[in-house]
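Student: Predicted coordinates and the sequence they were generated for:
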Amino acid sequence: MDMNHHNNSGWSVSFRVFRQKTGKDAHYDTVKLEVDPDEYVIDAIERIWAYHDRSLSFAHACHHSTCGACGMRVNGVEKLTCITPIHTIARNGGIVQVDPLRNFPIITDLVVDMGALYRRMAQVGHRPVVPLAEEPAGMPVRKSNNGEYTRLSDCIECGLCISACPVAASTPDYLGPAVLAGALQHGIKRQPGLLKLVDSEDGVWRCHSAFECTEVCPSYVEPGTKIMQLRRNVVSERFANLFRSNR
Amino acid sequence: MDKPKAIIIGAGFTGVATAHDLALRGFDVTVVERGPIANGTSGRTHGLLHCGGRYAVKDHESAIECIDENIILRKIVPEVIEPNGGLFIALTEADLEYGEQWIEGCEACHIPIEELKPQEALSLEPHINPNLLAAFSVPDGTFDPLRLALAFAATAKSNGARFHLYSEVEDFILDGSGNVIGVKVLDKTSDTNFELRSDIVVNATGAWAGQVAGMAGADVPVKPTPGIMVAYDERFCERAINRLCPPADGDIALPQRRMMVVGTTSYEVEDIDYVPVTKDQIVKMLERGSELIPGIRDAKARGIYMATRPLVGAGSVGRSIARTFKCFDCRETHNIEGLVTITGGKATTLRLMAEKMSDLVCQKLNVSVACTTQEVPLLSYRQFYALPN
Amino acid sequence: MSTPSNQPSSKNWYKWFDPRGKDLGSYAFILNRITALGLTFYLFLHLIVLGQLAIGPEAYDNFMAMLHNPIFVFGELLVVIAGIYHGLNGLRVALTSFGIAIPYQKQIFIGLLVLTVLGSLYFAVRMFTA
């Protein structure tokens, strides 16, 4: 039933997909697919929906790692499925398990509610478009002349880091790596509201250096490094506040 | 007086922009979408905010639409746009010849262009083809596809629009005379069915418009036309780079995040729920992309995918606002009241398409409220999740 | 893998210790927690031992004799190993918290594992041949 794919030297891979409808028990459905090893995991999921099971629900939009919608756990590891070639996570004849992200409420099947992440990113004032001249130091970007260009900042709010973080697994109140890295973009210099938000028990001090966030981030944000940088900024800002006039 | 009820099928660009427009005009809007926001064609756009240059020779109407909407979108939703400009570059003598008509066309369509010496272009964009013969700077831009759609959806939601995602319209509800008075929906999150009643149903399903209209016994002459996009793993340029030639395959390369996206091709298919990538198209993008930016030849492909554009069939019956998109009133075409379709178009003109569709809807329902979307700034895209359902 | 309970919850505390699908930074984190628990437990034991002093020199001497039992020596070796690992990883966490050598955090972890093994062998030999 599968239509043709990139070329004809196909692999046969089974996909064990997490399913859950409201009010029913969670379970796994397994579908065997003919795939091209160079195709992406999202292609396989989409084919399962198109040709095998129209009730399968999953999130996706851009298919080129700019929207952040298609994050899932593939064999237990967080991946952005639109840029994860099948040959990097399976072999011919193998089984791939696909689960929704952790630490977000499951809406249905592979779809999770990313609302909390988006709300927190709004809270820390992360901007998806930032003039090059305003990008904080340490975020390697292609240089341009006189900062004339604006560019989309790197974090795509995909949630992989939050899914992978062991601290986020223990409490929903932890702001999370993406949010803390996002706060760094704006900066906490002379921003008492933002400082209070990140300089808190559920903010920058909750991190226990597992660095899973940096491991899984598909967008080169390196949230773990950003959290450590933010800690230093928080300390120097608090120190500087001692010398500023109190309000 | 009760608000007129509008149901919009499809939460791609046209659907969310129409939801925004109708909500502003006082409608009770419900959007029904079988997946998440912008999961069809809209999400997969490479994200070029057209200046209109591409259409300046053969299609002045489209070109003017593009430049006008380009300016409006920069005003109402700057949050998701990189206003970095673009370049049109000529690489062959044929390109140069075309260039002469192109300059005239841009002038006729009030698209501001500026000729650059090849050296100037290269110092702006060191990675473009060093053998370029001519270059023109244009007011192109790049936008984030999903976030553009979310911004419209968020604003619509703040004005009362309701969104049912992962909910598939399985059938229309018809009255005794075959007119559309509602929809039957399968909620895929719970595997349950529900019904919605309407004064008007807007079919904003883009490439699927024909399929959906078919459920009411109508049809729409939309030709689903897939094309490939390849995203390479390095941001070679800061601006959109266009080939100065008649619209062809692979004549656009633009930056998205840390990638360059090259597109596209064009062919017809029947089944568009899944369109496979073929290797020959990947090769084509590599070749054409490398002509614009030689570094692409050695770059790694980060994502490769197909996007299916809805092209409206030529010479078709229907209210022709512009040749790129069309609104179809089912009452005029098939004597079925209560259903209108909008299809065709491009991402850059989403707001305009919504305006024309909403004008038609208002006319049909005797609502005399004018469009204000060209001025109303959109909310932050994140508000779509912050606002309660 | 069974049905995941997906939500952040302190009820999922045991999931910290699940190393599947995780990378070296998480292993360091997990071992840090285990050694911390072990050392804390040992601290309580240590206080109990000191409490023996309060009873009197005979009770204390009897208790000390018991500690020459190989099982207790092994237990003490575990404490030493835990102390070495926890201390070294603590240095690693301190370094990364100051933004030093973060891109090398995995290599540093491997290095300190090696040092822990070497230190463990040294002390094992010392303690069991005393």
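Tutor: Good, I have the coordinates.
Student: domains in chain A, as residue ranges please.
Tutor: Following automatic domain parsing, one finds the domains of chain A at A:11-112, A:115-243.
Student: Quick one: check the shortest one for contact with chain C.
Tutor: Yes. Residues of domain A:11-112 contacting chain C under Cβ under 8 Å from any Cβ of the partner chain: A:18, A:26-27, A:73, A:75-77, A:97, A:99-106, A:112. C-betas here are computed from N, CA, C, even on glycine.
Student: Kindly confirm whether my reading is correct that residue B:147 touches residue A:68.
Tutor: No. Under the criterion of Cβ atoms under 8 Å, residue B:147 is not in contact with residue A:68, lying 9.4 Å apart.
Student: So for the two, which sits in the more crowded spot?
Tutor: More crowded of residue B:147 and residue A:68, by other Cβ atoms under 10 Å in any protein chain shown: residue B:147, with 30 against 25.
Student: rewinding a little: from the residues of domain A:11-112 next to chain C, which would you call buried?
Tutor: Neighbour counting with 16 or more other Cβ atoms under 10 Å in any protein chain shown marks A:18, A:26, A:73, A:75, A:77, A:97, A:99-104, A:106, A:112 as buried within these.
Student: Can you name the next helix or strand after the host helix or strand of residue B:65?
Tutor: Element membership for residue B:65, per DSSP states H and E: helix B:60-76. Scanning the chain past helix B:60-76 towards its C-terminal end, the next helix or strand to appear is strand B:81-82 (assignment: DSSP H and E).
Student: anything in that following strand near chain A?
Tutor: Yes. Judged by Cβ under 8 Å from any Cβ, strand B:81-82 comes into contact with chain A through B:81-82.
Student: what's that strand in contact with?
Tutor: When contacts are defined by Cβ atoms under 8 Å, 6 or more residues apart in numbering or on different chains, strand B:81-82 is touched by residues A:129, A:149-152, B:49, B:73-74, B:141-143, B:148, B:255.
Student: ok, 10 Å please
Tutor: Residues outside strand B:81-82 that contact it (Cβ atoms under 10 Å, 6 or more residues apart in numbering or on different chains) are A:128-131, A:149-152, B:47, B:49, B:70, B:73-75, B:140-144, B:147-148, B:238-240, B:254-257.
Student: Restricted to helices, list these.
Tutor: Using DSSP state H, the members of the contacts of strand B:81-82 that fall within helices are B:70, B:73-75, B:147-148.
Student: residues contacting residue 77?
Tutor: Unless you meant another one, I'm taking chain A. Shown in contact with residue A:77 (Cβ under 10 Å, 6+ apart): A:84, A:89, A:99, A:160, A:163-164, A:212, A:215-216, C:20-23.
Student: my bad, chain B
Tutor: B:143, B:147-148, B:151-152, B:155, B:351, B:377-381.
Student: ranking those residues by neighbours, who comes first?
Tutor: Note: the member of these with the most neighbours is residue B:152, at 32 neighbours, neighbours being other Cβ under 10 Å.
Student: filter the ones in helices among the contacts of strand B:81-82 by proximity to chain A?
Tutor: When the ones in helices among the contacts of strand B:81-82 are checked against chain A using Cβ under 10 Å from any Cβ of the partner chain, the ones in range are residue B:147.
Student: out of the ones in helices among the contacts of strand B:81-82, who's nearest chain A?
Tutor: Nearest to chain A among these, counting by Cβ to the nearest Cβ, is residue B:147 at 6.1 Å.
Student: mind listing the helices for chain C?
Tutor: With DSSP H, the ranges of helices along chain C come out as C:24-55, C:57-66, C:70-97, C:105-128.
Student: Could you export the ones you listed as JSON lines, including distance to chain A?
Tutor: Formatted as JSON lines, the entries for the helices of chain C read as follows, by distance: least, Cβ to the nearest Cβ, whole Å:
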{"stretch": "helix C:24-55", "distance to chain A": "3"}
{"stretch": "helix C:57-66", "distance to chain A": "37"}
{"stretch": "helix C:70-97", "distance to chain A": "5"}
{"stretch": "helix C:105-128", "distance to chain A": "6"}
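Student: Where in the chain is the helix or strand with the lowest mean pLDDT?
Tutor: No chain was given, so I picked chain A. When each helix and strand of chain A is scored by mean pLDDT, DSSP states H and E, strand A:150-152 comes last, with a mean of 76.
Student: ah, no, chain C please
Tutor: Of all the helices and strands that make up chain C, helix C:57-66 has the lowest average by mean pLDDT, DSSP H and E, namely a mean of 79.
Student: Tell me what angle that one forms with helix C:70-97.
Tutor: 80 degrees (axes from the mean of the first three to the mean of the last three Cα atoms, to 10 degrees).
Student: so how far is helix C:57-66 from its chain's centroid?
Tutor: Centroid separation for helix C:57-66 versus its chain: 27 Å, with Cα atoms, centre = their mean, to the nearest Å.
Student: Would you mark the buried spots in that helix?
Tutor: So helix C:57-66, judged by 16+ other Cβ under 10 Å, has buried residues residue C:60.
Student: Now do that helix against helix C:24-55, angle only.
Tutor: 150 degrees.
Student: Packing partners of helix C:57-66?
Tutor: Helices and strands touching helix C:57-66, as assessed by 3 or more Cβ pairs under 10 Å, 6 or more residues apart in numbering or on different chains; DSSP states H and E, comprise helix C:24-55.
Student: Tell me the bridge partners for residue B:328.
Tutor: As for beta bridges, residue B:328 partners with residue B:341 under DSSP bridges.
Student: in terms of contact, does it touch residue B:222 like I think?
Tutor: Yes. In this structure, residue B:328 sits in contact with residue B:222. The criterion is Cβ atoms under 10 Å, and the distance is 9.3 Å.
Student: Check the contact lists of these two and give me the overlap.
Tutor: Common contacts of residue B:328 and residue B:222, defined by Cβ under 10 Å, 6+ apart, comprise B:209, B:213, B:312, B:316, B:341, B:343.
Student: quick one, what contacts the closest residue to residue B:64 other than its chain neighbours?
Tutor: Ranked by Cβ to Cβ, 6 or more residues apart in numbering or on different chains and with sequence neighbours excluded, the top spatial neighbour of residue B:64 is residue B:109, at 4.8 Å. For residue B:109, the contact set (Cβ under 10 Å, 6+ apart) comprises B:51-53, B:55-57, B:59-68.
Student: which two from these end up farthest apart in space?
Tutor: Greatest spatial distance in the contacts of residue B:109: B:57 and B:68, 18.1 Å, computed using Cβ to Cβ.
Student: where does the stretch 251-389 of chain B dip in pLDDT?
Tutor: Regions of the stretch 251-389 of chain B meeting the criterion pLDDT under 70 cover residues B:314-323.
Student: Distance check, the closest residue to chain C within it against residue B:379.
Tutor: Per Cβ to the nearest Cβ, residue B:385 is where the stretch 251-389 of chain B lies closest to chain C, at 17.5 Å. To residue B:379, residue B:385 is 12 Å away according to Cβ to Cβ, to the nearest Å.
Student: Give me the common contacts of these two.
Tutor: Jointly contacting residue B:385 and residue B:379 under the rule Cβ under 10 Å, 6+ apart are B:150, B:154, B:157.
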